[in-house]
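# Task: produce atomic coordinates for the following.
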Amino acid sequence: QKECGRNLICGHICKNKCDQNCICNYACQYTCKHSKCGNSCGEICINCNEQCSLQCKHSKCSKLCYELCDRKPCNERCDKLLSCGHQCIGLCGERCPSVCRVCEPHDSCFDILFGNEEDPNSMFYQCNCNHIFEVKGLDTYFTQNEGSVQMLKCPLCKAILTNESRYSNVIKMKIKDLSKVKEKIIEM
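Just a heads-up that it's a prediction; the model follows:
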């Protein structure tokens, strides 16, 4: 009669009783620019059939939202100026990080985590959990975990990341892999 307590592939803890299947009953956390999956986490995600919204002045995706993007993440520096008048430390086509390298040089995002944070030419990416990372290091961190069947998580707070434009293809592949596992669990 005890609660299971296992870590599920979705990142949640199983709340079912020990003698029941480990199916996640939390609300699905997967979102895109257009909608939020309305299923429970243990069910197969609903595909978004809207036109993919990922674009910048250098390229645009021509696929549907649920399909793998044919637009590679842009590695050009953002040309926007922050409200303080200094250049954005982010990437073209991405949300501008909320930190200025000049005005806030001691912000924790500049602490060495991946190795390139102190380089004055480094660019940064702000995740939806609001943590900011040097982009080359974050790219490597996420591609190292491509083969695992679990969602991307923030390297610091471990929040599940489901709507990160730069990493949309990695997330979509993870959703497909998780869907295959969910199908097997549902069949049991």
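# rest of the way, CA atoms for contacts and neighbours
OK.
# Quick one: distance of the longest helix seen in the chain to the chain centre.
When the chain is parsed with DSSP state H, its longest helix is helix 168-187. From the chain centre to the centre of helix 168-187 is a distance of 15 Å (C-alpha atoms, centre = their mean, to the nearest Å).
# What mean pLDDT does it get?
The pLDDT scores in helix 168-187 average 85.
# Please enumerate the strands of this structure.
Taking DSSP state E to define them, one finds strands in the chain at 124-126, 132-134.
# residue contacts, F114?
Shown in contact with F114 (C-alpha atoms under 8 Å, 6 or more residues apart in numbering): 134, 137-138.
# got the strands of the chain as a markdown table, with mean neighbour count columns?
What follows is the strands of the chain, written out as a markdown table (neighbours: other C-alpha atoms under 10 Å):
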| stretch | mean neighbour count |
| --- | --- |
| strand 124-126 | 24 |
| strand 132-134 | 25 |
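# Could you say which one of these comes nearest to V99?
Closest of the strands of the chain to V99 is strand 132-134, at 8.5 Å (criterion: C-alpha to C-alpha).
# beta partners for N7?
Beta-bridge pairing for N7 (DSSP bridges): I13.
# Kindly provide the distance from the closest residue in space to N25 that isn't next to it in sequence to E187.
Of all residues not flanking N25 in the chain, S40 sits nearest, at 5.5 Å (C-alpha to C-alpha, 6 or more residues apart in numbering). S40 sits at a distance of 16 Å from E187 (criterion: C-alpha to C-alpha, to the nearest Å).
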